[in-house]
Structure formats: structure tokens, C-alpha cells
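Asker: I would like the atomic coordinates for the input below:
(one chain, ligands or ions: 1)
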Amino acid sequence: MGRIRVCDEGDIAPGGHRIVDIGGGIEVAVFNVDGTYYAIEDICTHDDAPLADGALDGRCIECPRHGARFDLATGEALSLPAYRPVETFPVIVDDGAIWVED
Ligand code: FES
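Answerer: A predicted model of the protein is given here:
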């Protein structure tokens, strides 16, 4: 378990996101939803589409490929065709930067 630096605090505008490679072939998308940060693995559990460019609605992200929706806080799949949750990661704001824990 380690801490990976994503970017400076303030680099992700509300409604925006950043992608960080945490190693092992895993890319994590970090979102700013009205000042709260959420991190999920950037891969849909239905058919492996990247999720980060999907439409953000509150703290839900909609997969751009087939429209499954996921809760960014819990990873829960909220609608078909996905039914397995996406992995989530803790986000820490510290020392002027945003970090995720793997
Ligand atoms: S790949 Fe995401 S819903 Fe199908």
C-alpha cells in the first residue's frame, strides 16, 4: 500500500478529472465533484471501456460505451449492462497535492 501523487491541489477543476497510472497496468481516474475528490479504476466492468470521459452527473459517471452508471464513492454499478462494481481508491489532499492510495 502506497501513496501516489496525482497533481497539485487545484489542478482538477470541479467537474474535471485526471488520470494517474498507479502501476501494474492500472489507471485510476480522480474526479472533482464540487470540491470532493473520488477515485476509481478507469475501466468499465462491463466491457473494459475507459470511464473517465463519460458524462458526470453528481457523483455518478456514465460509461461512454454502453451507458452503465457507477457511483464514484462506492464503485457500485447503478445500471445495466454493468453489474459488477468498479474498484475505488482513497483520495488524500495533503501538502498542497492530491494523492491516491493503492
Ligand atoms: S463497456 Fe461500459 S457499459 Fe459496456
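Asker: switch to C-alpha atoms for all contacts and neighbour counts from now on
Answerer: Fine.
Asker: any buried residues in stretch 23-30, and which?
Answerer: Within stretch 23-30, the residues that count as buried by 16 or more other CA atoms under 10 Å are 27-30.
Asker: for those, could you give me a markdown table that also reports distance to the ligand and pLDDT?
Answerer: Compiled in a markdown table, the buried residues of stretch 23-30 are given as follows (distance: CA to the nearest ligand atom, whole Å; pLDDT from 0 to 100):
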| residue | distance to the ligand | pLDDT |
| --- | --- | --- |
| Glu27 | 16 | 97 |
| Val28 | 16 | 98 |
| Ala29 | 15 | 98 |
| Val30 | 18 | 98 |
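Asker: let me know whether Phe70 touches Pro85 as I believe.
Answerer: Yes: between Phe70 and Pro85 a contact is recorded at 7.5 Å, counting by CA atoms under 8 Å.
Asker: of all the buried residues of stretch 23-30, which two lie farthest apart?
Answerer: Pairwise distances across these peak at 9.9 Å for Glu27 and Val30 (criterion: CA to CA).
Asker: which neighbours do those two share?
Answerer: Common contacts of Glu27 and Val30, defined by CA atoms under 8 Å, 6 or more residues apart in numbering, comprise 19-20.
Asker: what does the protein have sitting close to the ligand?
Answerer: 44, 46-49, 63, 65-68, 81-82 (CA under 6 Å from any ligand atom).
Asker: one more time with 5 Å, if that's ok
Answerer: 44, 46-47, 49, 63, 66-68 (CA under 5 Å from any ligand atom).
Asker: ok, so of those, who is nearest Pro14?
Answerer: For the residues of the chain next to the ligand, the nearest to Pro14 is Cys63 (19.2 Å; CA to CA).
Asker: how many neighbours does the closest one have?
Answerer: Cys63 has 26 neighbouring residues, counting by other CA atoms under 10 Å.
Asker: quick one: it and Ala55 touch, right?
Answerer: Yes: taking contacts as CA under 8 Å, Cys63 lies within contact range of Ala55: 7.4 Å.
Asker: what strand or helix carries Ile40?
Answerer: Assessed by DSSP states H and E, Ile40 sits inside strand 36-41.
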